[in-house]
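Q: A structural model of the following input is requested.
(2 chains)
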Amino acid sequence: DGGITQSPKYLFRKEGQNVTLSCEQNLNHDAMYWYRQDPGQGLRLIYYSQIVNDFQKGDIAEGYSVSREKKESFPLTVTSAQKNPTAFYLCASSLRQGVQPQHFGDGTRLSIL
Amino acid sequence: AQKITQTQPGMFVQEKEAVTLDCTYDTSDPSYGLFWYKQPSSGEMIFLIYQGSYDQQNATEGRYSLNFQKARKSANLVISASQLGDSAMYFCAVTGTGGFKTIFGAGTRLFVKA
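A: Got it, this is the predicted structure:
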């Protein structure tokens, strides 16, 4: 079955450490997104990518980085510059540009040790 | 700028009854899309229904319908014949021109009682 796979499901980060969240899709979708969800809040856009080797900052990109070397993969790195990284991270995709997120992964919950 | 307001942090409904989840939006884009997503306790987001700003009729998808009142900037979700599996968080969202800056509301948690 087609879908989005996020790993790991739970991730712990030490102070000053960079961590990378994986997002893989086999839907042949062009566009991919990373969202952050905090308790009691909706999703906020971190980064999005319309096509391979291209990505754009969302509303809360500071302290995060991404790459899009393959169509299927859109990993998110939470750097040490992100001072409050504890949150639930969701990866999403859509078939093409200009379409809202259609499929979401199951999420990664990141916590600080 | 775009904004979504969901004023109901939590809602209770009796199984088999209908429930309306409120959503108001604000956008400066002349053309936009409105969406509802369901998030069960497992965490994944499930797309439920879409309404285009120029659509003449309210969108329906099975037991879900969107009560779209453009002049009031309102896009309420109506779930008919509630089921226990409908218990989840529900998010309203708006996407303007370009389709990338989808803004989500804070969500409404729905509890369906047996």
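Q: tell me which parts of chain A are close to chain B?
A: Neighbours of chain B within chain A, by C-beta under 8 Å from any C-beta of the partner chain: A:31, A:33, A:35, A:40-45, A:48, A:50, A:56, A:58-59, A:88, A:90, A:92, A:94, A:97-107, A:109. For the C-beta atoms, the positions are set from N, CA and C on the backbone; glycine is no exception.
Q: Span of stretch B:90-103 from start to end?
A: 14 Å (C-alpha to C-alpha, to the nearest Å).
Q: same thing with stretch A:5-25?
A: Termini of stretch A:5-25 sit 6 Å apart (C-alpha to C-alpha).
Q: Pull out the buried residues from that stretch.
A: A:6, A:11, A:13, A:19, A:21, A:22, A:23, A:24, A:25 (16 or more other C-beta atoms under 10 Å in any protein chain shown).
Q: of those residues, the lowest pLDDT goes to which?
A: Within these, the minimum per-residue pLDDT falls on residue A:13 (86).
Q: Tell me the bridge partners for that residue.
A: residue A:112 (DSSP bridges).
Q: same question, residue A:45
A: Beta-bridge partners for residue A:45, by DSSP bridges, are residue A:35.
Q: I'd like the distance from it to residue B:112, if you could.
A: Relative to residue B:112, residue A:45 is positioned 30 Å away (C-beta to C-beta, to the nearest Å).
Q: now swap in residue B:66 and tell me
A: From residue B:66 to residue B:112 the distance is 19 Å (C-beta to C-beta).
Q: Looking at the two, which one has more neighbours?
A: Just comparing residue B:66 and residue B:112: by other C-beta atoms under 10 Å in any protein chain shown the higher neighbour count belongs to residue B:66, 24 against 20.
Q: Then the more buried one would be within a strand, right?
A: Yes: counting by DSSP: H, G, I helix; E, B strand; the rest coil, residue B:66 is part of a strand.
Q: ok, it - contacts?
A: B:34, B:36, B:49, B:51, B:58, B:59, B:60, B:75, B:76, B:77, B:78 (C-beta atoms under 8 Å, 6 or more residues apart in numbering or on different chains).
Q: Just the buried ones from these, in PyMOL syntax?
A: In PyMOL, the members of the contacts of residue B:66 classed as buried (16+ other C-beta under 10 Å) are selected with the following command:
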select buried, chain B and resi 34+36+49+51+59+75+76+77+78
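Q: Can you give me the pLDDT of the residue most central in space within chain A?
A: Most central in chain A under C-alpha atoms, centre = their mean is residue A:34, positioned 3.0 Å from the mean C-alpha point. For residue A:34, the pLDDT comes out at 96.
Q: Chain neighbours aside, what residue packs nearest to it?
A: residue A:46 (4.3 Å; C-beta to C-beta, 6 or more residues apart in numbering or on different chains).
Q: I figured the one you found hits residue A:36, correct?
A: Yes: between residue A:46 and residue A:36 there is a contact at 5.6 Å, judged by C-beta atoms under 8 Å.
Q: Quick check: neighbours shared by those two?
A: A:60, A:89.
Q: between those two, which one's more packed in?
A: Neighbours were counted for residue A:46 and for residue A:36 using other C-beta under 10 Å; residue A:46 has more, 26 against 22.
Q: now the more buried one: how far from chain B?
A: 12 Å (C-beta to the nearest C-beta, to the nearest Å).
Q: What residues does that residue make contact with?
A: A:34, A:35, A:36, A:58, A:59, A:60, A:61, A:64, A:66, A:76, A:89.
Q: Filter the residues you listed down to the ones in strands?
A: A:34, A:35, A:36, A:64, A:66, A:76, A:89 (DSSP state E).
Q: Fine by me, we can end here.
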